[in-house]
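Participant: Give me the fold of what follows.
(chains A and B)
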Amino acid sequence: MKYIELKTKLLEEIVTLRQDDFYLLEGKLVFKAKATADSVKEYLIKKGYKIIQTPVRNWDHWQGKYESILYFSDLAKEREYHDI
Amino acid sequence: MQTKYKRNTDNKDLTQNRYKNTDHLHTHPYDPELLEIVRNDLLKPRTCKELMDWVDSHPHYDVIAEASSQYLRGTHQDDCFWQVAQIDTDWHHINNIITEYAKDNKLDQNFKTDYVEEWRVYDMDEQENYSPFRHNSELDNQHKHGFDKHYQLIEVTLTDKFPEIKAIEKVFDFQWAKTDINYQPTSGAFPRHVDFLSTLIKRAIEHDPEIANAQYDPITKGPKGWQMKRIIMPTESWYPGQMFSFEEHIWSNWEPGQAMDFSWQHCRHATANSGYNARPLIKVQGLIRDDHWLAKKEFRKFTI
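Facilitator: Numbering: from 1, shown residues only, chains lettered A, B, ... in the order given. Below you'll find the predicted structure:
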């Protein structure tokens, strides 16, 4: 699964989610608000995914501030994916 | 006579001044918002020719490769790198000729990667006009972080040398095939990066209007209707200390003749040689159509 597929699906399924609520950084989803990350994490866990959540190191050279990171711990092989 | 390819930097866009002043380079980890903007821009419809023009003139060139990755952490190792073929041949002989070439050209002694004195060793005049394969601002960024010894790239396809390796190239039946030896002396380290295969696609665009005018697929990162492949295979057994990573996955304990495909489009990969032996690796790249055995993920054995 690629980021664009994941983001498109999440935006379709979680009505309160907005395009600029989270971005991709080095394979991880970086969220502006922890509450948003919490809701996406809850959705993905319900779909059977193992999700790791961590705080964010905000760097001085970044334009924005971020509160939470989510990433998958073990996605199945491509051919075994189930719908998100 | 051995010469070295010198990049022509005069025709590059210097408006952002990243070539002269590394203060203007973007800093890792790149701004997530900027990455998203560039990533979304990359998804807009373009022909291959338009895409490469977009890349070459982009004010944030140094973040494009990073932004082009759609990789999600946690992706299964088998979707990052996988063996596609086993090639049985006289690897001892091949390794010897590479070692001799390295000695003759002092690849280990004169090991430094920069773009003023290009490290691509070549023997034929036609390489003089060959497209540079790495943008200077990307090299600037790598140098800024102390990575100034990556690997030595030894030309195969465009030389009269290494007929044994050219025979290996042929089994893949690539269009626009291009083969190099990626020879990493001890102490070499190439920082994690995502490939663009810009040398391959630029060469195809330059010579083939069908590819130049084909739509660019930003997910496969090649012309629609084609797949761009980069196959790597070691010519010598793995030595302790030699490292090859694909995102969070590690390839190790390799043997000569293992032909590996990998998700060059999305997986950040890196190499380092912390062993006491040089690490030679053959790199074969080219374009295929969807009915090619590699596109169908068939495993093949070859004896040469």
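
Participant: Output the set of residues of the stretch 201-304 of chain B in proximity to chain A.
Facilitator: B:219, B:247, B:266, B:268 (C-beta under 8 Å from any C-beta of the partner chain). Bear in mind the C-beta positions are built from the backbone N, C-alpha and C, glycine included.

Participant: Can you add secondary structure and give these back as JSON lines?
Facilitator: JSON lines is the format used below for those (DSSP: H, G, I helix; E, B strand; the rest coil):
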{"residue": "B:Ile219", "secondary structure": "coil"}
{"residue": "B:Glu247", "secondary structure": "coil"}
{"residue": "B:His266", "secondary structure": "coil"}
{"residue": "B:Arg268", "secondary structure": "coil"}
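
Participant: What's the ChimeraX line that selects buried ones from these?
Facilitator: To isolate the buried ones among those in ChimeraX, judged by 16 or more other C-beta atoms under 10 Å in any protein chain shown, type:
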select /B:247,266,268
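
Participant: Tell me how many other residues crowd the residue in chain B positioned nearest to chain A.
Facilitator: Closest residue of chain B to chain A, C-beta to the nearest C-beta: B:Gly74 (3.0 Å). For B:Gly74, the count of nearby residues is 20 (other C-beta atoms under 10 Å in any protein chain shown).

Participant: Check chain A for the residue nearest chain B and tell me.
Facilitator: For chain A, C-beta to the nearest C-beta, closest residue to chain B: A:Phe72, 3.0 Å.

Participant: Need the three-state assignment for A:Tyr43.
Facilitator: helix.

Participant: show me where pLDDT drops low in the chain?
Facilitator: All of this refers to chain A. In the predicted model of chain A, residues A:79-84 satisfy pLDDT under 70.

Participant: The intended chain is chain B.
Facilitator: B:1-24, B:114-137.

Participant: pull the longest helix from it.
Facilitator: Assignment by DSSP state H gives helix B:91-104 as the longest helix of chain B.

Participant: what does that helix rub up against?
Facilitator: Helix B:91-104 has contacts (C-beta atoms under 8 Å, 6 or more residues apart in numbering or on different chains) with B:107-108, B:152, B:154, B:161-162, B:164-165, B:181, B:183, B:185, B:235-236, B:256-257, B:278, B:280.

Participant: Kindly recompute the last result at 6 Å.
Facilitator: Residues outside helix B:91-104 that contact it (C-beta atoms under 6 Å, 6 or more residues apart in numbering or on different chains): B:164, B:181, B:183, B:235-236, B:256, B:280.

Participant: picking up where we left off before, show me what the residue of chain A closest to chain B bridges to in the sheet.
Facilitator: Beta-bridge pairing for A:Phe72 (DSSP bridges): A:Ile51.

Participant: Was I right to think it contacts B:Gly74?
Facilitator: Yes: the criterion here is C-beta atoms under 6 Å, and A:Phe72 meets it with B:Gly74 at 3.0 Å.

Participant: Residue numbers of chain A in contact with chain B?
Facilitator: By C-beta under 6 Å from any C-beta of the partner chain, the residues of chain A that approach chain B are A:2-4, A:23, A:25, A:27-28, A:30, A:61-64, A:71-75, A:77-78.

Participant: Go through these and flag which are in helices.
Facilitator: Using DSSP H, the residues of chain A next to chain B in helices are A:3-4.

Participant: Turn the buried ones among the residues of chain A next to chain B into a named ChimeraX selection, would you?
Facilitator: Applying 16+ other C-beta under 10 Å to the residues of chain A next to chain B, the buried members can be selected in ChimeraX as follows:
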select /A:2,3,23,25,27,28,30,62,71,72,75
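
Participant: To what extent is B:Gly275 buried, counted in neighbours?
Facilitator: B:Gly275 sits with 16 neighbouring residues when counted by other C-beta under 10 Å.

Participant: Excluding chain neighbours, what is closest to B:Lys166?
Facilitator: Of all residues not flanking B:Lys166 in the chain, B:Val156 sits nearest, at 6.5 Å (C-beta to C-beta, 6 or more residues apart in numbering or on different chains).

Participant: With B:Gln142 instead?
Facilitator: Per C-beta to C-beta, 6+ apart, closest to B:Gln142 is B:Pro191, 5.6 Å.

Participant: Does B:Tyr183 touch B:Pro280 like I think?
Facilitator: Yes: counting by C-beta under 6 Å, B:Tyr183 touches B:Pro280, with 5.1 Å between them.

Participant: quick revisit: so the residue of chain B closest to chain A: helix, strand or coil?
Facilitator: State at B:Gly74, reduced to three classes by three-state DSSP: coil.
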